[in-house]
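Asker: fold the following, please.
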Amino acid sequence: MRKNPYRCGDAVFLKPGVLGGNQPDGPGRIVSVMPEAQGTVRYRVRFQHENFERSIALDEIDVPTSTPTRPGRSESPSPREAGSSWINLNTIKIRK
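Answerer: The predicted model follows:
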């Protein structure tokens, strides 16, 4: 099992020619990390100027231009990130 260097929210660029003529312009944001299958780590990535997500393998990402998660980076999201829900799930209390 390989270590996942990227996490949700990281900006990634694809290697040139990976998708042929459908190569997206600009960086993509990792939406989710998919379970490892057949020894390959895959990510759901949404690129700029596209309204759909792509499934991208780890070996298709251009490592020198992408920004992987750093150990010192804060993992907690800000209270109101752009595109986040207005519901704060941490404040919901359930009685038993």
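Asker: what pLDDT does T69 get?
Answerer: pLDDT, the model's per-residue confidence, is 63 for T69.
Asker: please read the previous query as pertaining to L89.
Answerer: In the predicted model, L89 carries a pLDDT score of 72.
Asker: state the number of residues packed around it.
Answerer: Using other Cβ atoms under 10 Å, L89 is surrounded by 6 other residues. Bear in mind the C-beta positions are built from the backbone N, C-alpha and C, glycine included.
Asker: kindly report the same for T67.
Answerer: With neighbours defined by other Cβ under 10 Å, the count for T67 comes to 13.
Asker: how long is stretch 48-60 from one end to the other?
Answerer: By Cα to Cα, to the nearest Å, the extent of stretch 48-60 from end to end equals 17 Å.
Asker: next one: stretch 19-35
Answerer: Between the start and the finish of stretch 19-35 there is a gap of 22 Å, counting by Cα to Cα.
Asker: tell me the mean pLDDT over it?
Answerer: Summarised as a single mean, pLDDT over stretch 19-35 is 82.
Asker: which residue ranges of the chain form strands?
Answerer: 11-12, 28-33, 42-47, 54-57 (DSSP state E).
Asker: could you say what helices and strands the first one packs with?
Answerer: If I follow you right, that is strand 11-12. Helices and strands in packing contact with strand 11-12 are listed as strand 28-33; criterion 3 or more Cβ pairs under 8 Å, 6 or more residues apart in numbering; DSSP states H and E.
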